[in-house]
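>>> Only the shape, not the letters, is given here:
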């Protein structure tokens with residue numbers, strides 16, 4: 001018997017852990033998918049980051065050109081007067097011999113090529129590539145955040161529409177009660193105070209509906225900003241908030257057993273890790289900045305100024321190898337390396353901070369989910385009870401055996417229970433979306 005109990009307990013625990021480790025599931029309607037795609041296409045910040053990524057890729061290509069040859073055409077003309085000259089007796093005559101031409105001409109094609117720079121170019125290429133990776137990760141983070149912002153606004157539209165439906169029901173009931181009390185006032189069965197109180201109740205309900213409509217318009221404006229669509233399609237937004245439907249249970253995340261999985265997928269941590277890698281490359285770049293370089297240079301062309309006929313253009317060519325080895329730079333490279341090391345340490349602390357924040361956020365979400373789930377369960381029972389209480393109150397009102405205060409209490413109970421349930425359904429859905437975002441899971 002003990003063995004059977006042990007096996008059953010183990011199966012229950014295994015099933016619980018498996019459920020906790022499964023991805024967070026949120027139903028994503030087709031119109032929400034279309035809105036997210038529109039946002040990815042039209043959102044200006046994403047376009048800006050795409051341009052920055054392309055610029056970073058160009059910088060990688062620029063860094064590669066350091067090991068490629070440079071070919072230049074060079075031309076120089078200089079008029080000189082006077083020029084050094086002397087007379088030479090030749091065949092009984094004096095001939096003027098110039099040591100330099102009046103019209104100095106020098107044209108050539110020069111070639112420069114780095115032969116070896118002890119890894120400086122490779123480090124620069126790696127640095128540029130790491131910077132591109134940081135930009136790409138930032139783009140992914142913005143894209144993910146944008147998708148969840150669209151989803152939150154989309155489901156906010158559904159929540160507010162269902163709230164307006166609830167408020168319409170309250171207005172309908174209050175209007176009917178006003179008519180009934182007016183009739184009873186005429187028959188002498190009610191007081192003017194009862195009618196006025198119920199009319200105030202009707203106006204309050206109408207004002208609440210106006211507020212909900214205002215919030216709905218603001219959510220639609222947010223969707224327009226995020227997607228670029230002046231009339232975003234939100235036809236299916238209310239499906240998550242069906243009145244009277246039981247809400248599904250939401251599994252908490254196993255923070256102790258599966259936190260490593262969360263750190264692997266979290267975009268903020270990935271971005272911090274990419275910055276650590278870029279900081280390590282910066283140290284490599286500064287370490288190699290003081291290394292020598294070996295370069296080839298050569299040129300071929302035409303110039304004048306050669307004795308004995310200084311005005312004659314003649315072909316000329318030169319080639320050589322240059323070695324540049326820095327000896328002293330005023331501690332520049334050492335200080336640059338020191339600054340890079342400090343930046344690396346800061347980047348590593350940023351990873352630790354991102355990990356701690358992720359743990360804190362998931363723990364808070366677990367608490368919110370647990371709390372919202374419990375309150376939602378209580379409110380679903382409260383809705384049923386308040387509706388039954390309102391039915392009884394209306395029946396007693398028709399029979400004239402209820403006070404106006406009792407009727408208002410019953411009506412208020414239904415409104416608060418319905419709106420409260422909708423609110424916690426919305427909050428619970430936002431908790432699920434936030435958890436998916438933290439885990440790095442795609443929206444759909």
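It's in. These figures come from a predicted structure and were not determined experimentally. Residues are numbered from 1 along each chain as shown.
>>> Now do the longest strand along the chain: which elements does it pack against?
When the chain is parsed with DSSP state E, its longest strand is strand 103-116. Other helices and strands packing on strand 103-116, by 3 or more CB pairs under 8 Å, 6 or more residues apart in numbering; DSSP states H and E, are strand 70-79, strand 293-303. C-betas here are computed from N, CA, C, even on glycine.
>>> Give me the sheet partners of the first one and which way each runs.
Looking at strand 70-79 with DSSP bridges, its paired strands and their directions are strand 103-116 (antiparallel).
>>> now for the particular helix or strand that has residue 355 in it, which elements pack on it?
Element membership of residue 355 [criterion: DSSP states H and E] is helix 332-399. Helices and strands touching helix 332-399, by 3+ CB pairs under 8 Å, 6+ apart, are helix 120-187, helix 255-265, helix 267-289, helix 404-439.
>>> Can you convert those into JSON lines and add a column each for distance to residue 376?
Converted to JSON lines, the helices and strands packed on helix 332-399 look like this (distance: least, CB to CB, whole Å):
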{"stretch": "helix 120-187", "distance to residue 376": "13"}
{"stretch": "helix 255-265", "distance to residue 376": "22"}
{"stretch": "helix 267-289", "distance to residue 376": "29"}
{"stretch": "helix 404-439", "distance to residue 376": "4"}
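>>> what would these look like in CSV with distance to residue 197 and mean neighbour count?
Below are the helices and strands packed on helix 332-399 laid out as CSV (distance: least, CB to CB, whole Å; neighbours: other CB atoms under 10 Å):
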stretch, distance to residue 197, mean neighbour count
helix 120-187, 9, 19
helix 255-265, 51, 14
helix 267-289, 54, 19
helix 404-439, 6, 20
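>>> want to try JSON lines for those, with distance to residue 384 and mean pLDDT as columns?
Formatted as JSON lines, the helices and strands packed on helix 332-399 follow (distance: least, CB to CB, whole Å; pLDDT from 0 to 100):
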{"stretch": "helix 120-187", "distance to residue 384": "15", "mean pLDDT": "91"}
{"stretch": "helix 255-265", "distance to residue 384": "34", "mean pLDDT": "89"}
{"stretch": "helix 267-289", "distance to residue 384": "42", "mean pLDDT": "94"}
{"stretch": "helix 404-439", "distance to residue 384": "9", "mean pLDDT": "83"}
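>>> Tell me which of the ones you listed sits nearest to residue 233.
helix 120-187 (9.7 Å; CB to CB).
>>> any idea of the angle the closest one forms with strand 293-303?
110 degrees (axes from the mean of the first three to the mean of the last three CA atoms, to 10 degrees).
>>> between helix 120-187 and helix 404-439, how many degrees?
Going by the same axes, to 10 degrees, helix 120-187 makes 170 degrees with helix 404-439.
>>> from the chain's centre, how far out does helix 120-187 sit?
17 Å (CA atoms, centre = their mean, to the nearest Å).
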